[in-house]
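Asker: Quick check, what structure comes out for this input:
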Amino acid sequence: DLLAHGPDYADMCIANARALGAAMTTEGLPVHAADGRHTASHHLALHAAPFGGGQAASKHLSKANLLLCGIGLPIAPVEGDLNGVRLGTQEITRFGLTPKDMPQVARFLARVLKGNEAPEQVRDDVIDFRRRFQTLRFIRA
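Answerer: Got it, this is the predicted structure:
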């Protein structure tokens, strides 16, 4: 698959990561930036201290069907936890999400992390949104 679609897939992963970073910033989420930009690749990171740490925030988000993980960032530590949350765009890109979908993804994250909505309340909306994306992309026919 990567031999046939690698460059296009990589470009879309990066486009999605950049769009997601911009959308999360619009939602008021603390996106980590280096060299004045959120990412140059397919990964992003959030500062996790406002959310109790990276692993704690990831576990909380998982209840909304938003699957992320903690990560260490070169910023102040969070005692007893990681100080960042890692977001990768590889899988969402494979399932057909594009930059136009990233504002909705960012809204889901913000609803749980900043909007103080119970993740269980957001979960049904996430599942409903995800139903539109059931076919793998960037694969050989």
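Asker: So which residue is smack in the middle of this protein?
Answerer: Leu87 (3.9 Å; CA atoms, centre = their mean).
Asker: What segments of the chain are helices?
Answerer: If DSSP state H is used as the criterion, the helices of the chain fall at 2-26, 54-62, 90-94, 102-113, 119-130.
Asker: If you count contacts, what does the first one end up packed against?
Answerer: Read that as helix 2-26. Contacts defined by 3 or more CB pairs under 8 Å, 6 or more residues apart in numbering; DSSP states H and E place helix 2-26 against strand 43-47, strand 84-88, helix 90-94, helix 102-113. Where C-beta positions appear, they are placed from N, C-alpha and C, glycine not excepted.
Asker: what does that helix rub up against?
Answerer: 1, 31, 37-44, 46, 87-90, 92-94, 97-100, 102-103, 105-107, 109-110, 137-140 (CB atoms under 8 Å, 6 or more residues apart in numbering).
Asker: If any of the residues you listed are buried, put those into a ChimeraX selection.
Answerer: Entered in ChimeraX, the line below selects the buried ones among those, by 16 or more other CB atoms under 10 Å:
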select :31,38,39,42,43,44,46,87,88,89,90,92,93,94,97,99,102,105,106,107,109,110,137,138
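Asker: if we can go back for a sec, any chance of the helices and strands packed on helix 2-26 in CSV, plus distance to Met24 and mean pLDDT?
Answerer: Formatted as CSV, these follow (distance: least, CB to CB, whole Å; pLDDT from 0 to 100):
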stretch, distance to Met24, mean pLDDT
strand 43-47, 7, 96
strand 84-88, 8, 97
helix 90-94, 14, 96
helix 102-113, 5, 98
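Asker: closest one to Ser62 among those?
Answerer: helix 102-113 (10.0 Å; CB to CB).
Asker: That closest one: how far from the chain's middle?
Answerer: Taking CA atoms, centre = their mean, to the nearest Å, the mean C-alpha location of helix 102-113 is offset from the chain mean by 9 Å.
Asker: Report the separation between Ala33 and Ser41.
Answerer: Distance, Ala33 to Ser41, by CB to CB, to the nearest Å: 13 Å.
Asker: Asp8 too?
Answerer: Distance, Asp8 to Ser41, by CB to CB: 16 Å.
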